[in-house]
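J.: missing the sequence, but the structure's below:
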(Lines give C-alpha, C1' and ligand atoms only; values in the text may rest on other atoms or scores of the structure.)
Protein backbone atom coordinates (compact mmCIF):
# COMPACT_ATOMS: atom_id res chain seq x y z
CA UNK A 1 0.00 0.00 0.00
CA UNK A 2 1.42 3.34 -1.05
CA UNK A 3 1.50 6.75 0.54
CA UNK A 4 -1.47 8.12 -1.44
CA UNK A 5 -3.10 5.04 -2.92
CA UNK A 6 -4.61 2.14 -1.01
CA UNK A 7 -6.07 -1.03 -2.50
CA UNK A 8 -8.75 0.99 -4.31
CA UNK A 9 -7.41 4.43 -5.16
CA UNK A 10 -6.71 7.47 -2.98
CA UNK A 11 -9.20 7.80 -0.11
CA UNK A 12 -9.82 10.15 2.78
CA UNK A 13 -12.24 12.55 4.43
CA UNK A 14 -13.16 15.03 1.71
CA UNK A 15 -11.91 18.60 2.08
CA UNK A 16 -9.49 17.72 4.90
CA UNK A 17 -7.50 14.57 4.08
CA UNK A 18 -8.52 14.59 0.40
CA UNK A 19 -8.75 18.29 -0.41
CA UNK A 20 -8.83 20.35 -3.60
CA UNK A 21 -5.10 21.03 -3.59
CA UNK A 22 -4.34 17.31 -3.44
CA UNK A 23 -6.89 16.54 -6.17
CA UNK A 24 -5.30 19.15 -8.45
CA UNK A 25 -1.84 17.71 -7.75
CA UNK A 26 -3.01 14.14 -8.47
CA UNK A 27 -4.61 15.33 -11.70
CA UNK A 28 -1.40 16.96 -12.89
CA UNK A 29 0.78 14.04 -11.84
CA UNK A 30 -1.56 11.46 -13.36
CA UNK A 31 -1.50 13.24 -16.71
CA UNK A 32 2.30 13.14 -16.67
CA UNK A 33 2.53 9.48 -15.65
CA UNK A 34 -0.20 8.10 -17.87
CA UNK A 35 -0.08 10.00 -21.11
CA UNK A 36 2.21 9.85 -24.10
CA UNK A 37 4.02 13.18 -24.45
CA UNK A 38 3.23 13.20 -28.15
CA UNK A 39 -0.43 13.89 -27.37
CA UNK A 40 -0.92 17.62 -27.44
CA UNK A 41 -4.37 17.40 -25.86
CA UNK A 42 -4.85 13.94 -24.36
CA UNK A 43 -8.45 13.08 -23.44
CA UNK A 44 -9.44 12.10 -19.90
CA UNK A 45 -12.94 11.11 -18.81
CA UNK A 46 -14.21 11.73 -15.27
CA UNK A 47 -17.17 10.08 -13.56
CA UNK A 48 -18.47 10.50 -10.03
CA UNK A 49 -20.91 9.10 -7.51
CA UNK A 50 -23.55 11.12 -5.67
CA UNK A 51 -21.81 12.38 -2.54
CA UNK A 52 -21.79 16.14 -1.98
CA UNK A 53 -18.02 16.52 -2.22
CA UNK A 54 -17.85 14.97 -5.71
CA UNK A 55 -18.56 18.26 -7.47
CA UNK A 56 -15.73 19.94 -5.62
CA UNK A 57 -13.19 17.18 -6.28
CA UNK A 58 -14.33 16.70 -9.87
CA UNK A 59 -13.70 20.40 -10.53
CA UNK A 60 -10.29 20.26 -8.85
CA UNK A 61 -9.26 17.12 -10.70
CA UNK A 62 -10.41 18.59 -14.02
CA UNK A 63 -8.49 21.80 -13.30
CA UNK A 64 -5.32 19.85 -12.58
CA UNK A 65 -5.64 17.86 -15.79
CA UNK A 66 -6.42 20.91 -17.93
CA UNK A 67 -3.47 22.76 -16.43
CA UNK A 68 -1.05 20.31 -18.06
CA UNK A 69 -2.88 20.40 -21.38
CA UNK A 70 -5.33 17.51 -21.10
CA UNK A 71 -8.89 17.81 -22.41
CA UNK A 72 -11.47 16.54 -19.92
CA UNK A 73 -14.86 14.99 -20.61
CA UNK A 74 -17.26 14.91 -17.65
CA UNK A 75 -19.55 11.85 -17.48
CA UNK A 76 -21.66 13.03 -14.56
CA UNK A 77 -22.99 10.45 -12.08
CA UNK A 78 -22.12 6.95 -13.30
CA UNK A 79 -20.93 3.70 -11.67
CA UNK A 80 -17.22 3.01 -11.39
CA UNK A 81 -17.43 0.15 -13.92
CA UNK A 82 -19.02 2.56 -16.39
CA UNK A 83 -15.85 4.68 -16.35
CA UNK A 84 -13.75 1.54 -16.79
CA UNK A 85 -15.84 0.54 -19.82
CA UNK A 86 -16.29 3.97 -21.39
CA UNK A 87 -12.62 4.99 -21.26
CA UNK A 88 -11.94 2.40 -23.95
CA UNK A 89 -15.18 2.89 -25.88
CA UNK A 90 -14.60 6.64 -26.10
CA UNK A 91 -10.92 6.11 -26.97
CA UNK A 92 -9.80 8.24 -24.03
CA UNK A 93 -6.24 8.18 -22.73
CA UNK A 94 -7.29 7.65 -19.11
CA UNK A 95 -10.31 7.62 -16.81
CA UNK A 96 -11.01 8.98 -13.34
CA UNK A 97 -13.75 7.99 -10.90
CA UNK A 98 -14.52 10.27 -7.95
CA UNK A 99 -15.94 7.95 -5.30
CA UNK A 100 -15.34 6.37 -1.91
CA UNK A 101 -17.37 3.30 -2.86
CA UNK A 102 -19.16 1.86 0.19
CA UNK A 103 -17.84 4.45 2.68
CA UNK A 104 -20.01 7.15 4.33
CA UNK A 105 -20.63 10.46 2.58
CA UNK A 106 -17.88 12.40 4.37
CA UNK A 107 -15.26 10.24 2.64
CA UNK A 108 -14.29 10.45 -0.99
CA UNK A 109 -11.69 8.98 -3.28
CA UNK A 110 -9.97 9.13 -6.65
CA UNK A 111 -9.67 5.98 -8.76
CA UNK A 112 -7.59 6.05 -11.91
CA UNK A 113 -7.91 3.84 -15.01
CA UNK A 114 -5.62 3.51 -17.99
CA UNK A 115 -6.74 3.67 -21.61
CA UNK A 116 -7.76 -0.02 -21.57
CA UNK A 117 -10.02 0.44 -18.54
CA UNK A 118 -7.77 -1.26 -16.00
CA UNK A 119 -6.82 0.13 -12.60
CA UNK A 120 -3.29 1.40 -12.48
CA UNK A 121 -0.38 -0.87 -11.67
CA UNK A 122 1.50 -0.40 -8.39
CA UNK A 123 4.42 1.01 -10.37
CA UNK A 124 2.33 3.74 -11.98
CA UNK A 125 0.71 4.63 -8.67
CA UNK A 126 4.15 4.92 -7.07
CA UNK A 127 5.27 7.20 -9.90
CA UNK A 128 2.27 9.48 -9.32
CA UNK A 129 2.96 9.48 -5.58
CA UNK A 130 6.57 10.41 -6.26
CA UNK A 131 5.54 13.39 -8.42
CA UNK A 132 2.94 14.61 -5.90
CA UNK A 133 4.80 13.99 -2.65
CA UNK A 134 8.47 14.18 -3.62
CA UNK A 135 8.45 16.58 -6.56
CA UNK A 136 10.40 14.02 -8.61
CA UNK A 137 9.16 15.63 -11.84
CA UNK A 138 7.75 19.07 -12.50
CA UNK A 139 4.43 19.16 -14.40
CA UNK A 140 4.44 21.43 -17.46
CA UNK A 141 2.51 24.71 -17.48
CA UNK A 142 1.20 25.22 -21.04
CA UNK A 143 -0.27 28.57 -22.04
CA UNK A 144 -2.64 29.91 -24.66
CA UNK A 145 -4.13 27.27 -26.94
CA UNK A 146 -2.18 24.50 -25.22
CA UNK A 147 -4.28 24.68 -22.04
CA UNK A 148 -6.84 21.85 -21.82
CA UNK A 149 -10.62 22.26 -22.13
CA UNK A 150 -13.63 20.72 -20.37
CA UNK A 151 -16.45 19.04 -22.30
CA UNK A 152 -19.66 17.40 -21.11
CA UNK A 153 -20.92 13.95 -22.14
CA UNK A 154 -24.65 13.18 -22.22
CA UNK A 155 -24.42 9.61 -23.59
CA UNK A 156 -22.48 7.89 -20.79
CA UNK A 157 -25.45 6.30 -19.00
CA UNK A 158 -27.13 5.04 -22.18
CA UNK A 159 -23.89 3.66 -23.63
CA UNK A 160 -23.05 1.85 -20.40
CA UNK A 161 -26.53 0.35 -20.01
CA UNK A 162 -26.42 -0.82 -23.64
CA UNK A 163 -23.16 -2.59 -22.87
CA UNK A 164 -24.68 -4.38 -19.87
CA UNK A 165 -27.68 -5.50 -21.92
CA UNK A 166 -25.34 -7.00 -24.52
CA UNK A 167 -23.87 -9.40 -21.94
CA UNK A 168 -27.02 -11.49 -21.38
CA UNK A 169 -29.22 -13.38 -23.84
CA UNK A 170 -32.43 -13.54 -21.81
CA UNK A 171 -35.02 -11.14 -20.45
CA UNK A 172 -36.35 -10.99 -16.91
CA UNK A 173 -40.06 -10.68 -17.71
CA UNK A 174 -42.24 -11.85 -14.87
CA UNK A 175 -39.45 -11.50 -12.31
CA UNK A 176 -40.39 -9.26 -9.38
CA UNK A 177 -37.45 -7.56 -7.72
CA UNK A 178 -36.57 -5.02 -5.05
CA UNK A 179 -33.48 -3.02 -6.06
CA UNK A 180 -31.51 -1.01 -3.49
CA UNK A 181 -29.42 1.67 -5.21
CA UNK A 182 -27.68 2.83 -1.98
CA UNK A 183 -28.55 6.42 -2.97
CA UNK A 184 -25.45 6.18 -5.13
CA UNK A 185 -24.37 5.73 -8.72
CA UNK A 186 -26.87 2.98 -9.48
CA UNK A 187 -29.60 5.58 -9.04
CA UNK A 188 -28.58 6.88 -12.48
CA UNK A 189 -28.55 3.53 -14.27
CA UNK A 190 -30.44 0.70 -12.54
CA UNK A 191 -33.96 1.75 -13.52
CA UNK A 192 -33.03 1.91 -17.22
CA UNK A 193 -31.26 -1.44 -17.04
CA UNK A 194 -33.92 -3.48 -15.27
CA UNK A 195 -36.77 -1.85 -17.17
CA UNK A 196 -35.09 -2.77 -20.46
CA UNK A 197 -34.87 -6.38 -19.26
CA UNK A 198 -38.58 -6.43 -18.45
CA UNK A 199 -38.31 -7.03 -14.72
CA UNK A 200 -41.00 -5.70 -12.39
CA UNK A 201 -39.04 -3.65 -9.88
CA UNK A 202 -39.51 -1.63 -6.73
CA UNK A 203 -36.54 0.71 -6.36
CA UNK A 204 -35.49 1.82 -2.89
CA UNK A 205 -32.79 4.27 -1.81
CA UNK A 206 -32.62 5.77 -5.29
CA UNK A 207 -33.13 9.44 -4.32
CA UNK A 208 -29.62 10.73 -3.58
CA UNK A 209 -29.31 14.08 -1.84
CA UNK A 210 -25.53 14.23 -1.53
CA UNK A 211 -25.33 12.97 2.04
CA UNK A 212 -27.49 9.82 2.14
CA UNK A 213 -25.21 7.63 0.04
CA UNK A 214 -24.69 4.26 1.80
CA UNK A 215 -26.61 5.60 4.83
CA UNK A 216 -28.18 2.47 6.37
CA UNK A 217 -28.79 1.13 2.89
CA UNK A 218 -27.14 -0.67 0.02
CA UNK A 219 -24.84 -3.68 0.14
CA UNK A 220 -23.34 -2.73 3.53
CA UNK A 221 -26.75 -2.43 5.25
CA UNK A 222 -29.08 -5.14 3.97
CA UNK A 223 -31.81 -4.89 6.62
CA UNK A 224 -34.16 -2.64 4.64
CA UNK A 225 -33.86 -4.80 1.54
CA UNK A 226 -34.58 -7.99 3.49
CA UNK A 227 -37.67 -6.38 5.00
CA UNK A 228 -39.00 -5.26 1.62
CA UNK A 229 -38.45 -8.63 -0.08
CA UNK A 230 -40.19 -10.56 2.69
CA UNK A 231 -43.05 -8.07 2.96
CA UNK A 232 -43.71 -7.92 -0.77
CA UNK A 233 -42.97 -11.64 -1.30
CA UNK A 234 -40.86 -10.83 -4.34
CA UNK A 235 -38.52 -13.14 -6.24
CA UNK A 236 -35.35 -11.46 -4.93
CA UNK A 237 -33.68 -8.32 -3.72
CA UNK A 238 -30.55 -6.77 -5.25
CA UNK A 239 -28.27 -4.33 -3.42
CA UNK A 240 -25.45 -2.18 -4.76
CA UNK A 241 -22.91 -0.03 -2.96
CA UNK A 242 -22.28 3.68 -3.52
CA UNK A 243 -20.41 3.36 -6.82
CA UNK A 244 -22.21 0.16 -7.93
CA UNK A 245 -19.13 -2.01 -8.34
CA UNK A 246 -20.48 -4.42 -5.72
CA UNK A 247 -23.62 -6.53 -5.66
CA UNK A 248 -25.20 -8.62 -2.92
CA UNK A 249 -28.60 -10.29 -3.11
CA UNK A 250 -31.46 -11.49 -0.92
CA UNK A 251 -33.45 -14.60 -1.85
CA UNK A 252 -37.24 -14.90 -1.65
CA UNK A 253 -36.97 -16.05 1.97
CA UNK A 254 -34.97 -12.99 3.00
CA UNK A 255 -31.64 -14.83 3.25
CA UNK A 256 -28.41 -13.10 2.25
CA UNK A 257 -26.69 -14.23 -0.93
CA UNK A 258 -23.14 -12.91 -0.62
CA UNK A 259 -20.33 -12.71 -3.15
CA UNK A 260 -19.01 -16.18 -2.30
CA UNK A 261 -22.37 -17.80 -3.01
CA UNK A 262 -22.74 -15.83 -6.23
CA UNK A 263 -19.28 -16.92 -7.41
CA UNK A 264 -20.04 -20.54 -6.46
CA UNK A 265 -23.25 -20.63 -8.48
CA UNK A 266 -21.93 -18.82 -11.53
CA UNK A 267 -18.66 -20.80 -11.59
CA UNK A 268 -20.58 -24.08 -11.37
CA UNK A 269 -22.89 -23.07 -14.20
CA UNK A 270 -19.99 -21.88 -16.37
CA UNK A 271 -18.16 -25.17 -15.80
CA UNK A 272 -21.26 -27.18 -16.73
CA UNK A 273 -21.51 -25.26 -20.01
CA UNK A 274 -17.80 -25.57 -20.77
CA UNK A 275 -17.18 -21.84 -20.31
CA UNK A 276 -14.87 -21.93 -17.28
CA UNK A 277 -11.34 -21.74 -18.66
CA UNK A 278 -8.92 -23.80 -16.60
CA UNK A 279 -11.87 -25.01 -14.46
CA UNK A 280 -10.78 -22.28 -12.05
CA UNK A 281 -12.18 -19.26 -10.22
CA UNK A 282 -10.13 -16.55 -8.53
CA UNK A 283 -11.06 -15.66 -4.94
CA UNK A 284 -9.38 -13.95 -1.99
CA UNK A 285 -8.08 -15.05 1.38
CA UNK A 286 -11.32 -13.67 2.87
CA UNK A 287 -13.53 -16.14 0.99
CA UNK A 288 -15.58 -18.49 3.14
CA UNK A 289 -14.34 -22.02 3.90
CA UNK A 290 -17.59 -23.27 2.44
CA UNK A 291 -16.64 -21.90 -0.98
CA UNK A 292 -13.40 -23.89 -1.02
CA UNK A 293 -15.29 -27.04 0.00
CA UNK A 294 -17.84 -26.39 -2.77
CA UNK A 295 -15.07 -26.00 -5.34
CA UNK A 296 -13.45 -29.22 -4.16
CA UNK A 297 -16.72 -31.15 -4.50
CA UNK A 298 -17.37 -29.89 -8.03
CA UNK A 299 -13.90 -30.01 -9.53
CA UNK A 300 -13.33 -26.25 -9.60
CA UNK A 301 -9.83 -25.00 -8.80
CA UNK A 302 -9.70 -22.08 -6.34
CA UNK A 303 -6.94 -19.58 -7.13
CA UNK A 304 -6.40 -17.38 -4.08
CA UNK A 305 -5.12 -13.80 -3.90
CA UNK A 306 -4.83 -11.12 -1.25
CA UNK A 307 -7.83 -8.87 -0.64
CA UNK A 308 -8.65 -6.33 -3.35
CA UNK A 309 -10.39 -6.75 -6.68
CA UNK A 310 -7.30 -5.35 -8.44
CA UNK A 311 -5.33 -8.39 -7.27
CA UNK A 312 -8.11 -10.73 -8.32
CA UNK A 313 -8.09 -9.16 -11.79
CA UNK A 314 -4.30 -9.36 -12.06
CA UNK A 315 -4.47 -13.13 -11.50
CA UNK A 316 -7.35 -13.50 -13.94
CA UNK A 317 -5.45 -11.66 -16.67
CA UNK A 318 -2.19 -13.46 -15.96
CA UNK A 319 -3.69 -16.92 -16.48
CA UNK A 320 -6.82 -16.27 -18.53
CA UNK A 321 -9.38 -17.11 -15.84
CA UNK A 322 -12.98 -16.12 -16.57
CA UNK A 323 -14.49 -15.24 -13.18
CA UNK A 324 -13.20 -13.98 -9.87
CA UNK A 325 -14.23 -11.85 -6.95
CA UNK A 326 -14.73 -11.21 -3.27
CA UNK A 327 -17.22 -12.10 -0.59
CA UNK A 328 -18.13 -8.40 -0.42
CA UNK A 329 -19.71 -8.61 -3.88
CA UNK A 330 -16.87 -7.34 -6.11
CA UNK A 331 -17.18 -9.84 -8.95
CA UNK A 332 -15.30 -9.63 -12.25
CA UNK A 333 -16.28 -11.24 -15.55
CA UNK A 334 -13.12 -11.03 -17.62
CA UNK A 335 -14.84 -11.28 -20.99
CA UNK A 336 -17.18 -8.38 -20.23
CA UNK A 337 -15.45 -6.05 -17.79
CA UNK A 338 -12.11 -4.79 -16.52
CA UNK A 339 -13.26 -4.26 -12.94
CA UNK A 340 -15.93 -5.40 -10.51
CA UNK A 341 -19.42 -4.54 -11.75
CA UNK A 342 -22.43 -4.82 -9.46
CA UNK A 343 -25.12 -4.47 -12.10
CA UNK A 344 -23.41 -6.93 -14.44
CA UNK A 345 -23.23 -9.39 -11.54
CA UNK A 346 -26.92 -8.89 -10.78
CA UNK A 347 -28.15 -9.60 -14.29
CA UNK A 348 -25.82 -12.60 -14.66
CA UNK A 349 -27.16 -14.07 -11.41
CA UNK A 350 -30.81 -13.41 -12.28
CA UNK A 351 -30.30 -14.75 -15.80
CA UNK A 352 -28.94 -17.95 -14.26
CA UNK A 353 -32.14 -18.33 -12.26
CA UNK A 354 -34.20 -17.69 -15.38
CA UNK A 355 -32.21 -20.19 -17.47
CA UNK A 356 -32.53 -22.90 -14.84
CA UNK A 357 -36.12 -22.10 -13.92
CA UNK A 358 -35.24 -22.04 -10.24
CA UNK A 359 -35.57 -19.78 -7.23
CA UNK A 360 -32.67 -17.72 -5.92
CA UNK A 361 -32.72 -19.77 -2.71
CA UNK A 362 -31.95 -22.88 -4.79
CA UNK A 363 -28.88 -21.11 -6.15
CA UNK A 364 -27.85 -19.84 -2.73
CA UNK A 365 -28.16 -23.25 -1.07
CA UNK A 366 -25.69 -24.83 -3.48
CA UNK A 367 -22.91 -23.71 -1.12
CA UNK A 368 -22.87 -24.14 2.67
CA UNK A 369 -21.31 -21.19 4.47
CA UNK A 370 -19.21 -21.67 7.58
CA UNK A 371 -19.91 -19.34 10.49
CA UNK A 372 -17.64 -16.31 10.23
CA UNK A 373 -17.07 -13.51 12.73
CA UNK A 374 -15.54 -10.17 11.76
CA UNK A 375 -14.45 -7.64 14.38
CA UNK A 376 -13.02 -4.26 13.34
CA UNK A 377 -10.37 -2.50 15.40
CA UNK A 378 -9.98 1.23 14.73
CA UNK A 379 -6.44 2.02 13.64
CA UNK A 380 -4.81 4.99 11.93
CA UNK A 381 -1.74 4.64 9.68
CA UNK A 382 0.76 4.71 12.57
CA UNK A 383 -1.22 2.13 14.54
CA UNK A 384 -1.31 -0.16 11.48
CA UNK A 385 2.48 0.05 11.30
CA UNK A 386 2.70 -0.71 15.02
CA UNK A 387 0.48 -3.77 14.56
CA UNK A 388 2.55 -5.05 11.62
CA UNK A 389 5.79 -4.81 13.63
CA UNK A 390 4.50 -6.54 16.78
CA UNK A 391 5.94 -10.07 16.86
CA UNK A 392 4.05 -10.96 20.04
CA UNK A 393 0.75 -10.20 18.31
CA UNK A 394 1.79 -12.27 15.31
CA UNK A 395 2.53 -15.21 17.61
CA UNK A 396 -0.80 -14.81 19.40
CA UNK A 397 -2.70 -14.79 16.09
CA UNK A 398 -0.83 -17.90 14.91
CA UNK A 399 -1.68 -19.75 18.13
CA UNK A 400 -5.35 -18.81 17.76
CA UNK A 401 -5.39 -20.21 14.23
CA UNK A 402 -3.73 -23.44 15.30
CA UNK A 403 -6.32 -23.92 18.03
CA UNK A 404 -9.05 -24.24 15.36
CA UNK A 405 -7.33 -27.08 13.51
CA UNK A 406 -8.51 -28.00 10.00
CA UNK A 407 -12.07 -26.79 10.57
CA UNK A 408 -11.31 -23.11 10.99
CA UNK A 409 -8.89 -20.26 10.50
CA UNK A 410 -7.91 -16.79 11.70
CA UNK A 411 -7.15 -13.92 9.35
CA UNK A 412 -6.08 -10.47 10.59
CA UNK A 413 -5.36 -7.72 8.08
CA UNK A 414 -5.11 -3.94 7.94
CA UNK A 415 -7.76 -2.46 5.65
CA UNK A 416 -6.45 -0.75 2.55
CA UNK A 417 -9.46 1.57 2.28
CA UNK A 418 -10.52 2.34 5.87
CA UNK A 419 -8.77 3.18 9.20
CA UNK A 420 -9.35 -0.35 10.51
CA UNK A 421 -7.62 -3.60 11.34
CA UNK A 422 -10.01 -6.46 10.52
CA UNK A 423 -10.07 -9.60 12.65
CA UNK A 424 -11.82 -12.52 10.94
CA UNK A 425 -12.30 -15.91 12.59
CA UNK A 426 -14.05 -18.79 10.85
CA UNK A 427 -15.07 -22.25 12.03
CA UNK A 428 -17.90 -24.67 12.74
CA UNK A 429 -18.58 -23.57 16.36
CA UNK A 430 -19.94 -20.01 16.37
CA UNK A 431 -19.60 -19.43 20.11
CA UNK A 432 -15.95 -20.47 20.01
CA UNK A 433 -14.98 -18.33 17.01
CA UNK A 434 -16.92 -15.35 18.38
CA UNK A 435 -15.04 -15.59 21.69
CA UNK A 436 -11.73 -15.94 19.87
CA UNK A 437 -12.38 -12.96 17.56
CA UNK A 438 -13.32 -10.65 20.43
CA UNK A 439 -10.29 -11.75 22.43
CA UNK A 440 -7.90 -11.12 19.54
CA UNK A 441 -9.46 -7.73 18.77
CA UNK A 442 -9.06 -6.73 22.41
CA UNK A 443 -5.41 -7.79 22.42
CA UNK A 444 -4.70 -5.83 19.24
CA UNK A 445 -6.43 -2.73 20.59
CA UNK A 446 -4.37 -2.81 23.77
CA UNK A 447 -1.14 -3.37 21.87
CA UNK A 448 -1.54 -0.49 19.42
CA UNK A 449 -2.91 1.95 22.01
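T.: Right, received. Where do you want to start? Remember, it's a predicted structure, so these values are computed and weren't measured experimentally.
J.: C-alpha from now on. contacts and neighbour counts both.
T.: OK.
J.: Tell me the buried residues in stretch 361-374?
T.: 361, 363, 364, 367, 369, 370, 371, 372, 373, 374 (16 or more other Cα atoms under 10 Å).
J.: Out of those residues, which comes closest to residue 313?
T.: Relative to residue 313, the closest of the buried residues of stretch 361-374 is residue 367; by Cα to Cα it sits at 23.4 Å.
J.: tell me the secondary structure for that closest one?
T.: On the three-state scheme (DSSP: H, G, I helix; E, B strand; the rest coil), residue 367 is labelled coil.
J.: Direction included, what does the lowest-mean-pLDDT helix or strand in the chain pair against?
T.: The weakest-scoring helix or strand in the chain, judged by mean pLDDT, DSSP states H and E, is strand 5-6 (a mean of 81). Strand 5-6 pairs in its sheet with strand 9-13 (antiparallel), by DSSP bridges.
J.: which residues sit against the partner strand?
T.: 4, 5, 18, 100, 106, 107, 108, 109, 110, 111, 112, 417 (Cα atoms under 8 Å, 6 or more residues apart in numbering).
J.: Need the max-distance pair from those.
T.: Most distant of the contacts of strand 9-13, by Cα to Cα, are 106 and 112, 20.3 Å apart.
J.: quick one: which of these two has more around it?
T.: Neighbour count, other Cα atoms under 10 Å: between residue 106 and residue 112, residue 112 has more, with 26 against 17.
J.: Can you report how many residues lie near the residue lying closest to the more buried one once chain neighbours are set aside?
T.: Nearest residue to residue 112, sequence neighbours excluded (Cα to Cα, 6 or more residues apart in numbering): residue 96, at 4.7 Å. Applying other Cα under 10 Å, we find 27 residues neighbouring residue 96.
J.: Then residue 174?
T.: 11.
J.: what pLDDT does it get?
T.: Residue 174 carries a pLDDT value of 91.
J.: List the residues that contact the closest residue to it other than its chain neighbours.
T.: Take residue 174 and drop its neighbours on the chain: the residue closest to it by Cα to Cα, 6+ apart is residue 199, 6.2 Å away. Applying Cα under 8 Å, 6+ apart, we find residue 199 in contact with 171, 172, 173, 174, 175, 176, 177.
J.: mind redoing it with 10 Å?
T.: 171, 172, 173, 174, 175, 176, 177, 191, 193 (Cα atoms under 10 Å, 6 or more residues apart in numbering).
J.: Now the first one: which helix or strand?
T.: By that I understand residue 171. Residue 171 belongs to no helix or strand when assigned by DSSP states H and E.
J.: need the contact list for the nearest residue to residue 334 once chain neighbours are set aside.
T.: Leaving aside its sequence neighbours, residue 334 sits nearest to residue 322 (Cα to Cα, 6+ apart; 5.2 Å). By Cα under 10 Å, 6+ apart, the contact set of residue 322 is 267, 270, 275-282, 313, 316, 332-336.
J.: go on, residue 221?
T.: By Cα under 10 Å, 6+ apart, the neighbours of residue 221 are 182, 214, 215, 239, 241.
J.: Keep only those of those residues that are in strands.
T.: In strands, judged by DSSP state E, the following of the contacts of residue 221 are found: residue 239.
J.: one step back: for PyMOL, what selects the buried ones among the contacts of residue 199?
T.: Buried members of the contacts of residue 199, defined by 16+ other Cα under 10 Å, are picked up in PyMOL with:
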select buried, resi 171+172+175+176+177+191+193
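J.: so of the contacts of residue 199, which ones are in helices?
T.: Among those, the residues falling in helices (DSSP state H) are 191, 193.
J.: in the stretch 1-150 of the chain, which segments are predicted with low confidence?
T.: 1-2, 36-39 (pLDDT under 70).
J.: Tell me what the residue nearest to residue 111 when sequence neighbours are not counted is bridged to.
T.: Nearest residue to residue 111 in three dimensions, chain neighbours excluded: residue 9, at 4.5 Å (Cα to Cα, 6+ apart). Beta-bridge pairing for residue 9 (DSSP bridges): residue 6, residue 7.
J.: count of residues packed around residue 9?
T.: 22.
J.: and what of residue 300?
T.: Counted with other Cα under 10 Å, residue 300 comes out at 20.
J.: surely it meets residue 267?
T.: Yes. Between residue 300 and residue 267 there is a contact at 7.9 Å, judged by Cα atoms under 10 Å.
J.: what's the distance between residue 392 and residue 402?
T.: If you measure residue 392 against residue 402 using Cα to Cα, to the nearest Å, the figure is 15 Å.
J.: where does residue 110 fall, phi/psi-wise?
T.: Per-residue torsions, residue 110: phi -130, psi 120 (degrees, to the nearest 10).
J.: Name whatever forms a beta bridge with it.
T.: residue 10, residue 98.
J.: Now do the same contact list for it.
T.: Contacts of residue 110 (Cα under 10 Å, 6+ apart): 5, 8-12, 18, 23, 26-27, 46, 48, 54, 57-58, 61, 96-100.
J.: Just the closest of the contacts of residue 221 to residue 226, please.
T.: For the contacts of residue 221, the nearest to residue 226 is residue 239 (10.0 Å; Cα to Cα).
J.: quick one: contacts for residue 297?
T.: Counted by Cα under 10 Å, 6+ apart, residue 297 has contacts residue 291.
J.: Now do it against residue 369, distance only.
T.: Where residue 369 is concerned, residue 297 sits at a distance of 14 Å (Cα to Cα).
J.: List the buried residues for whichever helix in the chain runs longest?
T.: Counting residues, the longest helix found in the chain (DSSP H) is helix 430-448. In terms of neighbour count (16+ other Cα under 10 Å), helix 430-448 has its buried residues at 433, 434, 436, 437, 438, 440, 441, 444, 445, 448.
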